[in-house]
Each structure stands twice: as structure tokens, then as C-alpha cells.
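> Sequence first, predicted coordinates after that:
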Amino acid sequence: MARSRMSRTAAAVDAAFASSCRDARAPREGDTIVLAVSGGLDSTVLTHLARFGWPAGPRLVLAHFDHKMRPGSDGDARWLEALCGAWDLELVTGAAERPPSSEAEARAQRYAFLLEVRDTVGASYVATAHHADDQAETALFRIFRGTGPAGLTGVQTFRGDGVWRPLLPVWREELLGYARLHGLEWRDDPTNEALGYARNALRNRILPDAEALVAPGARRSLVRFAEQAAFDEEGWASLIPGLLASAAVVRTGDAIGFDRGAFLRHHAAVQARMFRALAAELNLTADARQTARAVDFVTAGASGRTLQLGRGIVLARELDRLVLSTVPTRALPADRAVVIPGATPGRGHALLAGREVQVSWAAGVAVDAPIVERFDGEALSYPLTVRAWEDGDRMRTGSGVRKLKRLFLEARVPASARRQLPVLADADGEILWVPRVARARIASVGSQRLQSGVLTVGVT
């Protein structure tokens, strides 16, 4: 490479690095950053830039992880120790207990180490030497794997967990020109040429063939494709809060409810985006299959039905509302009923599906409770019991014997709340009252005033 061309490419590298350092999200003087280094060309250039091209920059800590995937890999750490000694830099090294079985496992081990070093030294960022060629390879790799729209964005300059890629706009050819102009040395990893690894096959065979036989600018086109996908994703991200607001989303603990009708007014593709955003709030990264199942369930699932989405996430329909929630990790305590032995005043605490309900009763006097009902004490069959709803419960109403399940539906009581409602039953199992839902016609006193023969029951 001619010196004039090396100068131009080195200037492009300098400019790209300087631009990334000026970003408002970038580290500042006084910060600490961890530089992920392998000893190869890319990370050596990044180290040189950070050490000599960043006046008053942050404290640098280099971190090297040996995957032990090839003989002699431990020599990289010794070479880096010499480099750090010459450039007056700190170095932290780590190594795998056993060689990883795949590229994905190697990546997971490496990032676990880097983030651990970040936390140990109190760094704000981990900087990696990913560049434009890596972006092109990532975009093509994800296309081959069948990624969704979000995956098409490739890698980002700033990642949510503090990973920073300041060289992402730079091409490897430009890094090479920079290294030669500054007389840098580096270690070549022979495994980078092995076609048995997917990334190597893309880098050394598929992309060169694509540029030679299909499209000369394939790499640059893939990078533009990823940039456009990222731009589109930013647009969607700006719309999602408004879309969720239109669906009357309510968040309660580990549950998220939304209006079914409002959700269904949107196109199916928009519904999919909305669902994935809600699932992400519960730490579920919904794939295409989970998303399609969820959208189908919202469309056709009957009230009272649930859909298991995996990873402890359940989608349930409760009348005109859908609830996305996590399955409880522990069983609820056993229900506890309250027995009313007779007309003598008393008080008790029922436990219904984890909810505590206060019950009080008395004959001929008022009961201090927000919800009360009166009964003809002489027509009652004692003892009475305040308990949870049981399948098959029925009530004798003015319009005949009705299932409580049907009464719940008519009163618009969500399925998730039904087991928490108190049910008052007499000694013969007759259902007398479900607060705010219905009461039986037996033992009715109508609107007559309090007197000694009238039993008042209140719940809180």
C-alpha cells in the first residue's frame, strides 16, 4: 500500500475514532474503560488510538481472554504483556477452563470475562474493535439465520450493557493502512482462516465470491442495509409508546393488561410490534413463532383461556382485556374460610387465592364495612361460610338457578379475580351472596330496616 494511500486511510481512522469519542454517550476524562484486546490487527489499532490519539482521555485497562482453541494461544497474552509494558498500560488476562465447542460459546465466555473485568475495575464501558467488515458479516450471517427486522440492524456503536464500538464505521483495509503508517506490529490468529467457522466462511469465501460474482459493493451494501434497518427500528421505537397508550395498557407488578378491541384495530404487523414491546417489559424476547401465537390468541382466544409462551410468561384473555404476566414462582398459601356460627356478632379474616378479606357480622345492628348485605336471620341455615368460589357453584336468583361463572361473566369479573371474591354459603351449600356480583332470593329482607331478626354481613 503506497504511503499516500496509507496516510489517507489512517486519517479516516483517526477521524472516525475522534467522532465516536465526541459522542455525548462516550467516556470522558476521569472515566475508566476496558479495551478488549486479542493481539490482532483490529484491537492493536484500537489500543494505539486510545493510548496516543485521545488527549486527556479516560484511564485504560486492557483485557485479554484466551479461549484455548489453538496450540500456542497463550503466547498472545505474553505478547500483550510486552506491548503494555512498552506503552505503559494495564492488562488483565483470563482463560477458558476448557475450549468452547462453538463460536457462540466462545463469544459468551469472552463477554462474560470482559464485563466481569469492567465491574472489577469500576469501568463505565467495554470498548471492542468491531469495524465495518464485521458489520457486513453480521448482517449477512443474521439474514442466513432468518432474523427478524430488529436483527437486521447488525451491531450498534453503543450497546445497552455498556459495550462501545468506536471503530464501527472503519473498514479493515483502513485499519491496515493505519497500522502500517504507524509501524505497528500485531499477532495473526491462524484459526481466522479456517472455513469450519461460520464467520470465517463468510469473511474468506462467501463475501469475496459475492463481490467477485454478484455485486462488487456487497459489503458496503450490507452495511447500508443494516444502517437503514437501524433507522427504521428507531422510528418504530418512537411510535411504540403511543401505540401502547392507545391500547389502554395498565402495568401492575408482574402483569401487563391491555384492551383487546383497541389492539385488534391495528394491522397484524403493528400488533406484533406491540406484543414484542410488552413482552420485553417482562424480559421475554419473543421470537417470530411466539409472537404469531400471541397475536392469534388475542384474535381468537376465548375469554378465560390462557396461552403459555415459555420462560414463565402467560397470556390470558379476561373478557375484553388481555393480560400478559409471569407465572408465580411459588404456590399461593391455602385458602382459609370464615365460619359464621350464628347471629352473635363476630369478626374473622378469610384468605382467598392469596387475598385477605375481612368479614364481620351482627344481628339487629349496623356493621362497619364498605360492602354489606342483610338477610332474614330466621330463614338462614347455620353455620354460614365465607369461602372462595368453587367450580359448579350455583345461586337461586329471581330468574332461576344460575351458575356463578355465568354471573361473573355478566358482571364483567376477570377470570383472574374470581377466586379472590368472597362467596357466602349456608349449611346446606346454598350460595347466598357474592359481594358486588349477585345475591340469592332466599333469606331476602328487601329494604326493611334493621331489627333483631336481620343478620348483616359485611366484607372489606
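That came through fine. These numbers come from a predicted model, not from an experiment. Numbers count the residues shown, from 1 in each chain.
> residue boundaries of the strands in the stretch 251-400 of the chain?
Taking DSSP state E, counting those that start in this stretch, the strands of the stretch 251-400 of the chain run over residues 255-259, 306-310, 313-318, 321-326, 338-340, 346-352, 355-363, 371-376, 384-387, 394-397, 400-403.
> Relative to the whole chain's centre, how far out is the second one?
Distance of strand 306-310 from its chain centroid, counting by CA atoms, centre = their mean, to the nearest Å, is 16 Å.
> for residue 91, phi and psi?
Dihedral pair for residue 91: phi -140, psi 130, per degrees, to the nearest 10.
> is it in a bridge, and if so with what?
Here residue 91 shows beta-bridge partners residue 62, assigned using DSSP bridges.
> Tell me who's in contact with residue 202.
With contact set as CB atoms under 8 Å, 6 or more residues apart in numbering, residue 202 has these partners: 137, 140-141. Yep, even glycine has a C-beta here, placed from its N, CA and C like the rest.
> Next: residue 285.
residue 279.
> In TSV: the strands of the stretch 251-400 of the chain, plus mean pLDDT and distance to residue 17.
Compiled in TSV, the strands of the stretch 251-400 of the chain are given as follows (pLDDT from 0 to 100; distance: least, CB to CB, whole Å):
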stretch	mean pLDDT	distance to residue 17
strand 255-259	94	42
strand 306-310	90	42
strand 313-318	91	42
strand 321-326	92	43
strand 338-340	96	72
strand 346-352	94	63
strand 355-363	93	59
strand 371-376	91	68
strand 384-387	96	70
strand 394-397	93	75
strand 400-403	93	71
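> Any chance of JSON lines for those, columns mean neighbour count and distance to residue 14?
Output for those, formatted as JSON lines (neighbours: other CB atoms under 10 Å; distance: least, CB to CB, whole Å):
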{"stretch": "strand 255-259", "mean neighbour count": "19", "distance to residue 14": "48"}
{"stretch": "strand 306-310", "mean neighbour count": "16", "distance to residue 14": "48"}
{"stretch": "strand 313-318", "mean neighbour count": "20", "distance to residue 14": "48"}
{"stretch": "strand 321-326", "mean neighbour count": "20", "distance to residue 14": "49"}
{"stretch": "strand 338-340", "mean neighbour count": "20", "distance to residue 14": "77"}
{"stretch": "strand 346-352", "mean neighbour count": "16", "distance to residue 14": "69"}
{"stretch": "strand 355-363", "mean neighbour count": "18", "distance to residue 14": "65"}
{"stretch": "strand 371-376", "mean neighbour count": "18", "distance to residue 14": "74"}
{"stretch": "strand 384-387", "mean neighbour count": "21", "distance to residue 14": "76"}
{"stretch": "strand 394-397", "mean neighbour count": "18", "distance to residue 14": "81"}
{"stretch": "strand 400-403", "mean neighbour count": "12", "distance to residue 14": "77"}
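> related to what we said a few turns ago, which one of the contacts of residue 202 sits closest to residue 198?
residue 141 (6.5 Å; CB to CB).
> For residue 36, see how far away the residue lying closest to the closest one once chain neighbours are set aside is.
Spatial nearest neighbour of residue 141, excluding adjacent residues (CB to CB, 6 or more residues apart in numbering): residue 202 at 6.0 Å. Distance of residue 202 to residue 36, computed by CB to CB, to the nearest Å: 21 Å.
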